[in-house]
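Undergrad: curious how this folds, go ahead:
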Amino acid sequence: MRLTEKFNTFPAGFISGLLLPVITGFIIYLFSPGQLSVHAYVARIIETNILTHSISICVFTNIIIFLIFNRFDMLSAVKGVLAITIVWAVIVFGIKILG
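TA: As a prediction, this is how the structure comes out:
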């Protein structure tokens, strides 16, 4: 079984689309100025009212794995990435409407 066949599943795409934005957010946190804890950093993002912008930037990286999966014709994984990206978009929309 080839590697592309092994990871060509909806759950693999869904999980990778969920984890990549979290990893991206953590990398952004690591390169941010100041010596804030993760909790203080998130609190500052919320109080400055840029939570939706931050989530959108992190989720934008899903396009990378979407294109990689699409390039290798891993269409089931592409569906998973697209599904979680839509979920992220609904979350951003909900925060924007409620906030």
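
Undergrad: next up, the contacts around the spatially most central residue of the chain.
TA: The chain has Pro21 as the residue nearest its centroid, 2.6 Å off, counting by Cα atoms, centre = their mean. With contact set as Cβ atoms under 8 Å, 6 or more residues apart in numbering, Pro21 has these partners: Ile55, Cys58, Val59, Thr61, Asn62, Trp88. All C-beta atoms are positioned from the backbone trio N, CA, C, and that covers glycine.

Undergrad: what about the closest residue to the fourth one other than its chain neighbours, how many residues close to it?
TA: The shortest distance from Thr61 to any non-neighbouring residue, by Cβ to Cβ, 6 or more residues apart in numbering, is to Thr24 (4.7 Å). Here the neighbour count serves as a burial measure; for Thr24 (other Cβ atoms under 10 Å) it reads 18.

Undergrad: next SSE downstream of the strand or helix carrying Thr24?
TA: Using DSSP states H and E, Thr24 maps to helix 10-30. Remark: after helix 10-30, the chain's next helix or strand is helix 38-47, criterion DSSP H and E.

Undergrad: mind giving me the packing neighbours of that following helix?
TA: Helices and strands in packing contact with helix 38-47 are not found; criterion 3 or more Cβ pairs under 8 Å, 6 or more residues apart in numbering; DSSP states H and E.

Undergrad: and it, what's buried?
TA: Across helix 38-47, burial judged by 16 or more other Cβ atoms under 10 Å covers Ile45.

Undergrad: alpha carbons of the helix or strand just after that helix, as CSV, please.
TA: Past helix 38-47, further along toward the C-terminus, the next helix or strand under DSSP H and E is helix 51-60. Output for helix 51-60, consisting of C-alpha atoms alone and laid out as CSV, is shown next (Å, rounded to 0.1, in the frame of the first residue of the first chain):
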residue,chain,number,x,y,z
LEU,A,51,-9.7,36.8,17.1
THR,A,52,-11.4,36.3,13.8
HIS,A,53,-8.5,37.7,11.9
SER,A,54,-6.1,35.4,13.7
ILE,A,55,-8.2,32.3,13.1
SER,A,56,-8.6,33.2,9.4
ILE,A,57,-4.8,33.6,9.0
CYS,A,58,-4.2,30.3,10.6
VAL,A,59,-6.9,28.5,8.6
PHE,A,60,-5.5,30.0,5.4
